[in-house]
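K.L.:
Whatever this is, show me its structure:
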Amino acid sequence: MEDAPRRLICRPPFGGGEQGHADWARACRNPGKPECKGLQGPTCDGSRLIGGGPLGPRMTRQAEKGDQRGRTWGIFGLPADGPFPGMEEKLALFGQFVGDWEIVEDRYLQDDGTWVKSRGELHIDWILEGRALQDVFMTFDEKTHKLIPDGTTLRYYDRKIDAWHVVWFSPMQGAIKELVGRKVGDEIVLERRTDEGYLVRWIFSEIEARSFRWHSEETRDNGKTWRLREEMRIRRMID
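P.N.:
This next block holds a predicted model:
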């Protein structure tokens, strides 16, 4: 994984005003491009991490290093500048998380009952005309000091059931997990069944503009008791 090329995707300028131009200047490496005209800075090739946001100011700066062998590439039609017109209100449930996030701590329960801790990053952005969102979850390797792309999540709102379809895809874990998510009070609750038939919930809680908590829990007695399986503390990156 350490030698895997850093996957990037190109998109047009994002955001407005001075902050939008600052973000684009940071994400862009080729001042000769028409969309980069007038923008200066050491990072101008129109590149963004495949999961969404611009190359972050913290750990993602490693993507610029030569030993990462990063290359710019794009999938025509995939990126979007914002939510699909007319669906802004419904799409805001997950749209509020668009941007770049630092996973301050991720603790995961092992089969032997011990907990493993790590940290990383999460990058989220609009795709497919703004009808859906995609993220990339990255784990920070404490030994190599590199970010490892662990997996990606796709989300889209389904009018027919007034809920979200969510698919987590991780070649590294050999896993594909499908969930359905809804707003429940002040939380966002996603549910699925394991292969054994047990109910699992992924919950976004304590949601603030610059931070939120995510955790996974499982029940084996039809909801009478729940066991915490994983928990993350996540905060928005600030330049």
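
K.L.:
which residues pair with the residue lying closest to residue 210 once chain neighbours are set aside across the strands?
P.N.:
Nearest non-adjacent residue to residue 210, counting by C-beta to C-beta, 6 or more residues apart in numbering: residue 236, 4.4 Å away. Heads up, the C-betas are built off the backbone N, CA and C, glycines and all. Partner residues in beta bridges with residue 236, using DSSP bridges, are residue 101.

K.L.:
measure residue 236 to residue 187 for me?
P.N.:
Using C-beta to C-beta, to the nearest Å, one obtains 18 Å as the distance from residue 236 to residue 187.

K.L.:
Contacts made by stretch 209-223 with the rest, please.
P.N.:
Residues outside stretch 209-223 that contact it (C-beta atoms under 8 Å, 6 or more residues apart in numbering) are 97, 194, 198-206, 225-236, 238.

K.L.:
how about the helices in the protein?
P.N.:
Ranges of helices within the chain are 17-27, 88-95, based on DSSP state H.

K.L.:
Just the buried ones among the contacts of stretch 209-223, please.
P.N.:
Of the members of these, the ones counted as buried by neighbours, 16 or more other C-beta atoms under 10 Å, are 97, 199-204, 230-234.

K.L.:
now, which of the residues you listed lie within strands?
P.N.:
Among the buried ones among the contacts of stretch 209-223, DSSP state E puts 199-204, 230-234 in strands.

K.L.:
who touches the residue nearest to residue 210 in this structure?
P.N.:
When the contact criterion is C-beta under 8 Å, 6+ apart, the partners of residue 236 are 99-102, 209-211.

K.L.:
again, 7 Å this time
P.N.:
Listed by C-beta atoms under 7 Å, 6 or more residues apart in numbering, the contact set of residue 236 reads 99, 101, 210-211.
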